Each structure stands twice: as structure tokens, then as C-alpha cells.
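J.: coordinates only, sequence not included:
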Ligand SMILES: NC(=O)C1=CN([C@@H]2O[C@H](COP(=O)(O)OP(=O)(O)OC[C@H]3O[C@@H](n4cnc5c(N)ncnc54)[C@H](O)[C@@H]3O)[C@@H](O)[C@H]2O)C=CC1
Ligand SMILES: NCCCC(=O)O
Ligand code: NA
């Protein structure tokens, strides 16, 4: 498929169904990480804009055209959004590649997931109508109880840059399906496609205020959203330190949060794998796709000693074969990192690993054929000790560290030797062993004989310091619903008889 030439749109903030200049009129540059050039700009919201957007969202909830909709009516909007995204697929994928640096075919497949996700939550919105009011059986006949599932209210959605429009969709689609009014704050490092979602919402006639999009910096636009007293919930994906700040600020208002905060996930490879090449490819994909910038990356390879030399030899052959290029080039499999900051951070992780005594078996530097852009070679690090930073901390770049093991017990201990708990993978022919590892892994996601495939129907999220709450599937809808108990006294002719009636004194 030909990659289209496109015009870069220039947008304002999307508030109350229209484009509005930020109160302070500031803008931020949009940078293409493959060229290091500024290719456009985005509006920079501040607390004043947050307040305007929150008011618009609250008004939307009070108006019939959004606040009184059925799930079936909201499903129509979600399907219309999906159709428009699909119509603009090549253009949105190109914008995402220019803004984020991920290979174009990965970006296009993310856009397919965006479409599927909006359609999926349209189905769940429809299904919600029949589950809106459910009876709870009581042990007494004099009372009747129902449970209502109603929209939680105004929700703040704060998203990262690694899957710009997809991470936006993981939050926006269920929030709208549930009937909430939302304020989205995408990452300042890749906001272009999330702003285009605003244009799509305008075109499909989504009622004003149902979705508001505020681009801008974390401390200027994200932080006031979290602290706003009229925002009922925050859903966040991003770094651990920002997650801690958000949880701390939200705690002051007893505001619920869901947090998806990265990881340092293991992939355990046994000597009884089905096929060497297949196992090697899953290992590489598990760490290097999305340019290594994925929260669930299985970036710690825990390898059975008996196959280590043979496995690593083959892994290096495959690694050398990965095409690193401008992500708009056909067949690119590894593009640049998102920003200069991220590039420097990843190089620092590699140099610290070297200083701490690890061996850079492959990569570790900028590829020689690319002298511009935030590119780093796929990197494989051995002679790793569990006290090293590279073993413990999330790199968020194409860096795989390797440790060998002898016994199953040792492999489990190494796999769980992390403060994080998002994903974990095992490659082995022995399905009983896979079952034992599934139970033993301290994680929210387990992959057996693969790593990373992610579908919209199952739940996604972690434990330990990877955060809490679940996105995707029906679990995500629950994040945006209030469960209301309604109890009715039906024996209205019967006195309650707790106090003495004055008439009988
Ligand atoms: N779990 C994940 O999927 C991701 C993890 N990361 C990790 O985070 C590191 C730093 O990347 P950043 O983009 O700086 O992540 P970040 O966590 O700072 O940013 C994520 C989002 O939070 C917003 N934000 C930042 N400070 C905030 C605050 N005080 N209140 C409210 N919102 C705030 C940002 O504007 C952005 O929209 C990466 O090196 C990587 O290790 C980054 C992106 C995604
Ligand atoms: N495959 C989507 C992973 C999203 C994330 O990094 O949270
Ligand atoms: Na960018």
C-alpha cells in the first residue's frame, strides 16, 4: 500500500464541540523524531482551559442530547467515529508515524485497533441498556432493591505517546459508551492524531461537551485536570513517577483513579521450545516492536542455560537483520525513539549497564547509517546481575537484558524479581509447566508461547507498581460506571415500628 503524502492539520483545543484558542494563546512544537524537525504545532492548555472544558462536560451531562441518551444512541456515535477513523486510516497512520516515529505499518495496524475498539464499545454500549437496572433478590418481601449502572460523571483521561490514538481510544471509547462526559489530555510528545479525533467527533455530530480534548504539558494541563473538584475520576497511562503524583493529588479529593504504569516484564525461555527461530522471533518482538517503547515489553530474557549459546547466536543473527530506517520507509521494523530526552535516557541506561559490569553483546549505540533522528540500535545486554539498574528499571527503548537459569524455581524467582507486575511470557512445549508459571507469575497478563499480542476483548492492566484497574473488554466499561443501589419499601401500609407511635401513647 502506498504511503500517502498529507497535509499537517493545525488545530485549537476541542471544547464544547468546537475549536477554541487556549486562553493564554500558547502553542507547543510538534517534532518528528525521525528528522528532529518541527513539522507543526499544538495548542497548550492551562488551568483556565481545563475549567472551561470541565464546565462544558458537566453541561453535556445535564442536557438531554448526551445526559439522557440510551446506550443504543451512544453506540451510533461510536460507530460513526469508527467509520470516519477507517475512512482516514492511511492519513492518520502517516500523521502518527511522523509524530511518534513508529513504523508506518505498525501505526496503520494501531488505527485498525482504534476502529475495532470503537466498534466493540458500541456493542457494549448497546448491551448496557438491558443491564442498566437489575434486581437484587432480598430475604424480605417488604423491600425491593434494584441496582442501577449509571455514568460516573465527568472523567479526565490522561494518555501517553507510545500508542497515541490507540491509548486515547482505550479510554475515550468506554467512557463515551458508559455515558460519561470526558476531558482527554494526550501526551504533548504526540498529540496530533488525538486532535484529529476532535475533528471526527465534530463531523459525526457528537453532542457538544461529551468529549473535550486539551493538549498541553503535564504540569500545566494534566495536573489541573487531576485537581479539579468537578472531575469525578482520572484514568491514566504513563510513567510511575507521574502515576504517583496523580494518585497523590487525586487522594486529596478522594477521587478514584486507574493507573497503568509500565513494567519490566520477563520472558522465560526453556530448552524445550517448539522451534528455535519461532522462539527467537517472539523474544525480539516482545522487546523491540513499537521501537521498544511499550509498557508491557518483555525486556528481561530469562534463558535456560542449556540452550543459551545456541539461542543467543540465533538471536543476534535475527537482530542484525532488523531494518532500522525512517519509519515511513516500507519494511521499516525499528524507527526512532520519541524524543531527544528519551534517546538520551536510553543511552544513559546502556552506559550505566556497561559501567556496572554488564556486556553489550549487540547494539548499544546510534546506527551508523542514520546521522539524524533519535535512533538507537536494537541492543542485547548479557552478564547482567540482579542488582544492576538495567535489570530493575524500565528502559522504554529497544534494550533486552539477558540472564540464564538452571532450574524452574530459579526461573520463577528471577521472573518475579521486579517491583513491576504488568506482563510475563513463557516459551515451552510443556503445557503443564506453562500452567505452573501462569500461576506463579506476579502479573496482570501472561503470554504462553508468544509475547505482546493484545486484543480489545480481554482485560489489560497490572499489579504491584505497574498500577491497578483494568482497561479493555467489559472491565473498562466498569471504570466509567457508578453502581447505584435503590431500595424501595413496598409494604407501605405497614408501619416500620422502630419508634413508639405518639398516637398509641
Ligand atoms: N506505561 C506506559 O505506557 C508509558 C510509560 N512511559 C514511561 O514514562 C517515561 C517518561 O515519559 P513521559 O512522556 O514523560 O511520561 P509521563 O508519565 O510524564 O506522561 C504521560 C502523560 O501524563 C501527563 N502528565 C505528566 N505530568 C503530569 C502531572 N503532574 N499531572 C497530570 N498529568 C501529567 C503527560 O503530559 C502525558 O500526557 C518513559 O521513559 C517511560 O519509561 C511513558 C509513556 C507510556
Ligand atoms: N499493545 C498496546 C500496548 C499499550 C501500552 O503500552 O499500554
Ligand atoms: Na512528536
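T.: Perfect, thanks for sending it. The shown structure was predicted, so the numbers you read here are calculated from the model rather than taken from an experiment. Ligands and ions are numbered 1, 2, ... in the order given.
J.: make it CA atoms for all contacts and neighbour counts henceforth
T.: Will do.
J.: helix or strand for residue 360, which one?
T.: strand 359-362 (DSSP states H and E).
J.: buried stuff in that strand?
T.: Using 16 or more other CA atoms under 10 Å as the test for burial, strand 359-362 gives 359, 360, 362.
J.: could the residues you listed go into a markdown table alongside distance to ligand 2 and pLDDT?
T.: Listed next are the buried residues of strand 359-362 as a markdown table, based on distance: CA to the nearest ligand atom, whole Å; pLDDT from 0 to 100:
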| residue | distance to ligand 2 | pLDDT |
| --- | --- | --- |
| 359 | 28 | 98 |
| 360 | 26 | 98 |
| 362 | 25 | 98 |
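J.: will you turn the residues you listed into CSV that also has distance to residue 380?
T.: What follows is the buried residues of strand 359-362, written out as CSV (distance: CA to CA, whole Å):
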residue, distance to residue 380
359, 9
360, 6
362, 5
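J.: from those residues, pick the one nearest residue 381.
T.: residue 360 (4.6 Å; CA to CA).
J.: nearest spatial neighbour of that closest one, skipping sequence neighbours?
T.: Of all residues not flanking residue 360 in the chain, residue 381 sits nearest, at 4.6 Å (CA to CA, 6 or more residues apart in numbering).
J.: state the helix or strand in which that neighbour lies.
T.: strand 379-382.
J.: pull the distance from that strand to the chain's centre.
T.: On the basis of CA atoms, centre = their mean, to the nearest Å, strand 379-382 sits 27 Å off its chain's mean C-alpha point.
J.: quick one: residue 29 and residue 38 touch, right?
T.: Yes - the criterion here is CA atoms under 8 Å, and residue 29 meets it with residue 38 at 6.1 Å.
J.: my read: the residue nearest to residue 360 touches residue 402, true?
T.: Yes - counting by CA under 8 Å, residue 381 touches residue 402, with 6.1 Å between them.
J.: returning to what we had before: which residues are in contact with the strand holding residue 360?
T.: Applying CA atoms under 8 Å, 6 or more residues apart in numbering, the contact partners of strand 359-362 are 316, 350, 353, 354, 378, 379, 380, 381, 382, 383, 384.
J.: now, of these, which are buried?
T.: 316, 350, 353, 354, 378, 379, 380, 381, 382, 384.
J.: now the closest residue to ligand 1 within the stretch 401-505 of the chain, what are its backbone angles?
T.: Here the stretch 401-505 of the chain gets closest to ligand 1 at one residue, residue 466, 7.8 Å apart by CA to the nearest ligand atom. Note on residue 466: its backbone torsions stand at phi -80, psi 0 [degrees, to the nearest 10].
J.: neighbours of it, how many?
T.: Other residues within reach of residue 466, judged by other CA atoms under 10 Å, total 27.
J.: the closest residue to it other than its chain neighbours: neighbouring residues, count only.
T.: Nearest residue to residue 466 in three dimensions, chain neighbours excluded: residue 261, at 4.6 Å (CA to CA, 6+ apart). Using other CA under 10 Å, residue 261 has 27 other residues around it.
J.: give the contact list for residue 261.
T.: Neighbouring residues of residue 261 by CA under 8 Å, 6+ apart: 237, 238, 239, 240, 243, 295, 465, 466, 467.
J.: tell me who's in contact with the residue of the stretch 401-505 of the chain closest to ligand 1.
T.: Residue 466 sits next to 240, 259, 260, 261, 262, 263, 420, 421, 422 when contact means CA under 8 Å, 6+ apart.
J.: please render the residues you listed as TSV that adds secondary structure, distance to ligand 2 and pLDDT to the earlier fields.
T.: Below are the contacts of residue 466 laid out as TSV (DSSP: H, G, I helix; E, B strand; the rest coil; distance: CA to the nearest ligand atom, whole Å; pLDDT from 0 to 100):
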residue	secondary structure	distance to ligand 2	pLDDT
240	helix	13	97
259	strand	11	98
260	strand	7	97
261	coil	8	96
262	coil	7	89
263	coil	10	96
420	strand	14	98
421	strand	13	98
422	coil	10	98
